[in-house]
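Novice: build me a model:
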Amino acid sequence: MNPYRALIIDDHTVTCKGYKYFFENAENAGSIPSFDLTFAHDCESAFKLINGINKQKAVFDLIFLDIQLPSYPMERIFSGEDIGLLVRSFSPLSKIIVQTSISDNHLLYNIFKNLNPEAIIIKGDLVEENFVTCIKEVLNDVPFYTKTFSKLLRNQFSQSYILDQDDRELLHLLNTGVPSKEIAHRLIWSSSKVEKRKRLLREKFGVDDKNVQSLLNAARRSGFL
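Specialist: The predicted model follows:
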């Protein structure tokens, strides 16, 4: 039987080494089947690997996806969440395992609703036993969530909201200091649409004043920047 293929997308070298260690230990113990591992460390390299799946006619069985990654604005890829949406379009048979240190309810809810990943691992919960269980469950089409995320599910993500790709791109442009007129030009929006989307973002983040920095600070606190 050919080995499974796993893509690990994480910008921390130590984390990638940890996953390699977990895979090797579990395979040597016979706890999981054999895997070929591929690594990507930012949105650009991950985008090119996912975008090339159709040409190579090769599919990654599992994709371990960190959320906070260096962005790739040229292709409107601003986080691991955008990479996950790309996976859903280009490689629907791949199973997504989100691994993240994020603990903010709002951002986790956004990821859960937008990506519907097969597993969510909060990095603080990750031990080798959880890792092996996750692999087994996901390969058998059973969702897997570590205890911190399961607790959030039980609490039903009170006061949660969802940001789409336009919201995330607008936040990215605002965060890099692009003025509203230039934003309208880049996104091919009217000036009124830019202002409307900014107002809706202020409402989502509970920001009362119109100061852009207040909006950015609120988005940053919730882990969206």
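Novice: check contacts around residue 49.
Specialist: By Cβ atoms under 8 Å, 6 or more residues apart in numbering, residue 49 lies in contact with 7, 38, 40. Quick note: C-beta positions are derived from backbone N, CA and C, even for glycine.
Novice: can you rerun that using 10 Å?
Specialist: By Cβ atoms under 10 Å, 6 or more residues apart in numbering, the contact list for residue 49 reads 7, 9, 38-40, 56, 58, 60, 63, 83.
Novice: go on, residue 174?
Specialist: With contact set as Cβ under 10 Å, 6+ apart, residue 174 has these partners: 180, 183, 194, 198, 201, 212-213, 215-216, 219, 225.
Novice: returning to what we had before: now a PyMOL select for only the buried ones of the contacts of residue 49.
Specialist: Only the buried members of the contacts of residue 49 enter the following PyMOL selection, criterion being 16 or more other Cβ atoms under 10 Å:
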select buried, resi 7+9+39+40+60+63+83
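Novice: what helices or strands is whichever helix or strand residue 17 is part of leaning on?
Specialist: Using DSSP states H and E, residue 17 sits in helix 13-28. In terms of contacts (3 or more Cβ pairs under 10 Å, 6 or more residues apart in numbering; DSSP states H and E), helix 13-28 is packed against strand 4-9, strand 35-40, strand 62-65, helix 128-139.
Novice: okay, now residue 22: neighbour count?
Specialist: Neighbour count for residue 22, taken as other Cβ atoms under 10 Å: 19.
Novice: wait, what's in contact with it?
Specialist: 32, 126-128, 130-132, 134-135.
Novice: how far away is it from residue 60?
Specialist: For residue 22, the distance to residue 60 equals 17 Å [Cβ to Cβ, to the nearest Å].
Novice: could you do residue 3 as well?
Specialist: Residue 3 is 12 Å from residue 60, by Cβ to Cβ.
Novice: spit out the residues that contact those two alike.
Specialist: 36-37.
Novice: the closest residue to residue 20 other than its chain neighbours bridge partners, please.
Specialist: Of all residues not flanking residue 20 in the chain, residue 37 sits nearest, at 6.3 Å (Cβ to Cβ, 6 or more residues apart in numbering). Residue 37 has these beta-bridge partners by DSSP bridges: residue 6.
Novice: contact partners for the nearest residue to residue 135 once chain neighbours are set aside?
Specialist: Spatially, and ignoring its direct neighbours in sequence, residue 135 is nearest to residue 32 (4.8 Å; Cβ to Cβ, 6+ apart). Neighbouring residues of residue 32 by Cβ under 10 Å, 6+ apart: 4, 22-23, 25-26, 131-132, 134-136, 139.
Novice: for stretch 28-39, the averaged confidence score.
Specialist: For stretch 28-39, mean pLDDT is 95.
Novice: flag every buried residue along it.
Specialist: Those would be 32, 35, 37, 39, for stretch 28-39 by 16+ other Cβ under 10 Å.
Novice: would you reformat these as CSV and include distance to residue 71?
Specialist: Formatted as CSV, the buried residues of stretch 28-39 follow (distance: Cβ to Cβ, whole Å):
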residue, distance to residue 71
32, 32
35, 28
37, 24
39, 18
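Novice: closest one to residue 13 out of the residues you listed, please.
Specialist: residue 39 (9.2 Å; Cβ to Cβ).
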